[in-house]
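Asker: Output the structure for:
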Amino acid sequence: MADFCLVSRRILDDFEHRVFRYHFLLGADWRLCCRQMNIDRGTFFHAVYDIEQKLGQAFAEIEPYPLYPLDEYFAGVIQRPAPVHQMPLRRPKNPPKQSIPPISMLEAVKQCA
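Answerer: Below you'll find the model as predicted:
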């Protein structure tokens, strides 16, 4: 993740990096980004398209090891994890006894009086 953040900081200007941080890193939708940055929807989406184009090219061309495609960046093929088999639950031989619910303070005062 640090590689993606450092490359994006180096490639993007201040405005584009703010959009990248809010939208891509923090996960804010376009409405929240537009409200926080005081921009209209068109400006926001043009910035998003420019960011995707610039960073996509930068991630693919960075030397000595490109950050894209991810399977080559992480030196292996990304596979789905094997399914986890759950063990069947055993029921206890002696089920627990029913517990007595605690009495309220009002009932305790009444019993003491």
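Asker: helices and strands of the protein: which one bottoms out on pLDDT?
Answerer: Here the helix or strand of the chain ranked lowest by mean pLDDT, DSSP states H and E is helix 70-73, holding a mean of 57.
Asker: For the longest helix along the chain, give me every contacting residue.
Answerer: Longest helix in the chain, counting residues (DSSP state H): helix 41-61. Outside helix 41-61, the residues that touch it by Cβ atoms under 8 Å, 6 or more residues apart in numbering are 4, 7-8, 11-12, 15-16, 19-20, 23-24, 30, 33-34, 37, 39, 66-68. Yep, even glycine has a C-beta here, placed from its N, CA and C like the rest.
Asker: for the record, mean pLDDT for that helix?
Answerer: Here helix 41-61 scores 90 as its mean pLDDT.
Asker: do stretch 7-15 as well
Answerer: 92.
Asker: What residues of it count as buried?
Answerer: For stretch 7-15, the buried set under the neighbour-count rule, 16 or more other Cβ atoms under 10 Å, comprises 8, 11, 12.
Asker: just to revisit the earlier point, might you specify the subset of the contacts of helix 41-61 located within helices?
Answerer: Using DSSP H, the contacts of helix 41-61 in helices are 4, 7, 8, 11, 15, 16, 19, 30, 33, 34, 37.
Asker: Turn the residues you listed into CSV, columns for distance to residue 94.
Answerer: Output for the ones in helices among the contacts of helix 41-61, formatted as CSV (distance: Cβ to Cβ, whole Å):
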residue, distance to residue 94
4, 56
7, 62
8, 61
11, 66
15, 68
16, 66
19, 62
30, 59
33, 59
34, 63
37, 64
